[in-house]
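**Student:** Dropping a prediction and its sequence here:
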Amino acid sequence: MSLEPPDGGGEPSRSRRRRLDAGYARFSERDRELLGFVGEQLTVTVPQLARLCGSSYPTARSLRLRWQRAGWVEGRPLIWQGPAFVWLTRAGVQVAGSPFRALSPSPGAAAHLSAVTEVRLLVERELGLGSWECERALAKAHWRAGGSPHLPDGVLETARGRVAVEVELTLKGATRLDLILAESARRYPELWYFASPRVLPTLARLAAETPWRNITIFPFPPTAADLAWAR
């Protein structure tokens with residue numbers, strides 16, 4: 001006589017066991033925090049996600065794939081021969097409790113969005129110079145107040161006060177750049193500009209000509225050494 005239990009009886013084998021939550025995406029507070037950051041920046045690259053997590057690129061890529069399978073993010077390269085970007089879907093906005101609606105980033109804006117995130121990761125997360133208020137939050141606040149001023153790419157709340165942060169990769173017209181520079185310098189105690197090599201000479205000249213003396217210009221991409229004085 002066989003001593004094996006009949007089908008459906010006894011302890012099932014490992015291959016037949018299923019997790020009680022099989023078929024459902026696991027969600028953690030860490031997911032909420034990271035997805036919330038993505039929503040604030042609109043989109044981040046997978047290498048930036050690795051920096052944010054303090055993990056390796058393969059780990060960040062696996063995280064992106066898990067999020068995509070769960071339907072929380074979409075992702076693909078937005079820049080020719082560039083890294084994959086990720087951004088929130090409506091489901092991602094819901095699970096993260098993000099105050100910002102789901103939007104697909106424009107490929108034309110991808111380089112700028114990525115550059116702003118590079119600056120935020122350095123000044124807020126890696127150097128701990130202050131807490132970051134993203135442009136999307138600034139836009140919401142000004143919309144509620146009924147105003148429509150030029151908005152910086154972010155505001156860093158520091159022990160010394162609020163610092164407007166601008167990232168310039170491409171050269172705007174000198175008149176427009178001068179107006180933006182003057183408006184931000186007038187409205188905030190400090191203004192930090194991170195400028196690419198092609199923009200930096202023009203920006204430095206305009207900053208020297210303005211009466212405002214609260215403007216600091218950094219090269220982009222910045223390093224920790226560039227900001228050592230601010231720590």
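**Tutor:** Structure's in. What do you need?

**Student:** how about the strands of this protein, start to end?
**Tutor:** 44-45, 73-77, 84-88, 131-134, 154-158, 161-168, 190-195, 215-219 (DSSP state E).

**Student:** by contact count, what packs against the fourth one?
**Tutor:** Counting by 3 or more Cβ pairs under 8 Å, 6 or more residues apart in numbering; DSSP states H and E, the packing neighbours recorded for strand 131-134 are strand 154-158. Any C-beta I mention is one placed from the backbone N, CA and C, and that applies to glycine too.

**Student:** which residues touch the strand it packs on?
**Tutor:** Contacts with strand 154-158, where a contact means Cβ atoms under 8 Å, 6 or more residues apart in numbering, come from 116, 119-120, 123-124, 129-135, 138, 162-165, 188, 192, 230.

**Student:** Please check the residues you listed and keep the buried ones.
**Tutor:** Using 16 or more other Cβ atoms under 10 Å as the burial test, those include 116, 119-120, 123-124, 129-130, 132-135, 138, 163-165, 188, 192, 230 as buried.

**Student:** Now do the same contact list for F218.
**Tutor:** F218 touches 192-195, 226-227, counting by Cβ under 8 Å, 6+ apart.

**Student:** Nearest to A109 among those residues?
**Tutor:** F194 (16.5 Å; Cβ to Cβ).

**Student:** separation between the nearest residue to the closest one once chain neighbours are set aside and R160?
**Tutor:** The spatial neighbour of F194 that comes closest, neighbours along the chain excluded (Cβ to Cβ, 6 or more residues apart in numbering), is F220 at 4.3 Å. For F220, the distance to R160 equals 22 Å [Cβ to Cβ, to the nearest Å].

**Student:** where in the protein is pLDDT low?
**Tutor:** 1-24, 144-148 (pLDDT under 70).

**Student:** Kindly report the domain assignment for it.
**Tutor:** Split into domains by automatic domain parsing, the chain comes to 26-105, 106-231.

**Student:** Spit out the contact partners of the residue positioned nearest the centre of the chain.
**Tutor:** Against the mean C-alpha coordinate of the chain, by Cα atoms, centre = their mean, the closest residue is Q41 at 3.5 Å. Taking Cβ under 8 Å, 6+ apart, we find Q41 in contact with 113, 116-117, 120, 134.

**Student:** same question, P189
**Tutor:** 160-163, 214.

**Student:** What of G130?
**Tutor:** Per Cβ under 8 Å, 6+ apart, neighbours of G130: 123-124, 156-159, 163.

**Student:** So which of those residues is the closest to H150?
**Tutor:** Closest to H150, out of all of the contacts of G130 and judged by Cβ to Cβ, is V163, at 15.7 Å.

**Student:** what separates W229 from R162, distance-wise?
**Tutor:** For W229 relative to R162 (Cβ to Cβ), the value is 18 Å.

**Student:** Appreciated, that's everything.
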